[in-house]
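1. Let's see this in three dimensions:
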Amino acid sequence: MSITIGKGESMTIQFLRYIVSVAEIGSITEAAKKLHISQPSLSAALKEAEKEVGFAIFTRSRNGIALTKEGVEFLGYARQVIQEMSLLEDRFILNQPEKQRFCVSTQHYTFTANAFVEMVQKFGRERFEFILNETQTHQILEDVKNRFCDLGILYLCHRNEQFLRKTMDEMGLGFHELFTASPHVFLRANHPLAGRASVTLKDLTPYPRLNFLQGNYESADFSEEPFSTVLSEKEIRVSDRAAIVNLMIGLDGYTISTGIFPAYLQGRRIISVPLAEKEKMHIGYVLCRDQSLSELGRIYVNELKKYAT
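-> Got it, this is the predicted structure:
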């Protein structure tokens, strides 16, 4: 199938799939492997697509490939076209029930995964494509802007609110608060500080601080952890929650996050202890300004609200 671009020119759905794959992977070579075509063939297809639309979709350099400003906007529409075409094929060509897609990009919280499970269980259909993408803060904003995900989940606090609201405004995004939470310290169950009613930042000084990586955006403004500007002599950065847990257990490390922790985990290997510092974490979801929650988005958000403390 082809889509008319203008003056008789057309672009195939396959071209759109090529563009989306390259944008998501960030490499023509790796995308070609995934798509099972040669790298020269993929490069030629991208150049042909750019010729048809009349502008550069990607910039190319020795550091790799990246979307242009026009390419970012084009990518959002390309994803929508591909999704609609897949629905059309399933419903009217393959005679299959509609396959629903839903994606959430989120900071690393256990409660966002738990709410996702509840949402999937309530969905109740046989065919779906659901994505829970735990990722870096800036990538969440990019995913929402590019409409890769239906919504993003992150937090604002006194330290980062002005910067992130300005960034979201420039990207055409809006923040919708769900609830507030007080910062807690996550520790192994038999940590030397585990018996405290609360701990201070000074109490934590001897122990390694565990933070999530933010890639090219390593700054306090994008950090997932409150008080990340406070100097720590021992700091380890990781990319996933499993690594955080292992380092808590093996090295007496700690991380600071919300106090929202599922009861079935509390007290087994990891516990949360209130942090005796003045701060509030405002948990919320991010949408494009011209976007409203989908049916699945509303179900998911309602499940998230149940974790309000």
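2. counting contacts, what elements does the helix or strand hosting Val20 pack onto?
-> Using DSSP states H and E, Val20 maps to helix 13-25. Other helices and strands packing on helix 13-25, by 3 or more CB pairs under 8 Å, 6 or more residues apart in numbering; DSSP states H and E, are strand 2-6, helix 28-35, helix 39-53, helix 69-88. (Each C-beta comes from the backbone N, C-alpha and C, glycine too.)
3. Throw these into JSON lines and include mean pLDDT, thanks.
-> Formatted as JSON lines, these follow (pLDDT from 0 to 100):
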{"stretch": "strand 2-6", "mean pLDDT": "42"}
{"stretch": "helix 28-35", "mean pLDDT": "90"}
{"stretch": "helix 39-53", "mean pLDDT": "90"}
{"stretch": "helix 69-88", "mean pLDDT": "80"}
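4. To Asn63, which of these lies closest?
-> Among the helices and strands packed on helix 13-25, the nearest to Asn63 by CB to CB is helix 28-35 (13.0 Å).
5. For the helices and strands packed on helix 13-25, could you give me CSV that also reports mean neighbour count and distance to Val273?
-> Putting those into CSV (neighbours: other CB atoms under 10 Å; distance: least, CB to CB, whole Å) gives the following:
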stretch, mean neighbour count, distance to Val273
strand 2-6, 12, 56
helix 28-35, 17, 43
helix 39-53, 16, 52
helix 69-88, 16, 42
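6. how about the ones you listed, which one is nearest Gly174?
-> helix 69-88 (16.0 Å).
7. who does that closest one touch, helix- and strand-wise?
-> helix 13-25.
8. Return the set of buried residues in the helix it packs on.
-> By neighbour count with 16 or more other CB atoms under 10 Å, helix 13-25 contains the buried residues Ile13, Phe15, Leu16, Arg17, Tyr18, Ile19, Val20, Ser21, Val22, Ala23, Ile25.
9. could you dump it to PDB, C-alpha only?
-> Output in PDB follows, covering the C-alpha atoms of helix 13-25 (Å, rounded to 0.1, in the frame of the first residue of the first chain):
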ATOM      1  CA  ILE A  13       4.000   1.600   4.300                       C
ATOM      2  CA  GLN A  14       7.300  -0.300   4.100                       C
ATOM      3  CA  PHE A  15       9.200   3.000   3.800                       C
ATOM      4  CA  LEU A  16       7.500   4.200   6.900                       C
ATOM      5  CA  ARG A  17       8.400   1.100   8.800                       C
ATOM      6  CA  TYR A  18      12.000   1.600   7.700                       C
ATOM      7  CA  ILE A  19      12.000   5.200   9.000                       C
ATOM      8  CA  VAL A  20      10.500   4.200  12.300                       C
ATOM      9  CA  SER A  21      12.900   1.300  12.800                       C
ATOM     10  CA  VAL A  22      16.000   3.500  12.100                       C
ATOM     11  CA  ALA A  23      14.700   6.200  14.400                       C
ATOM     12  CA  GLU A  24      14.100   3.800  17.300                       C
ATOM     13  CA  ILE A  25      17.400   2.000  16.900                       C
END
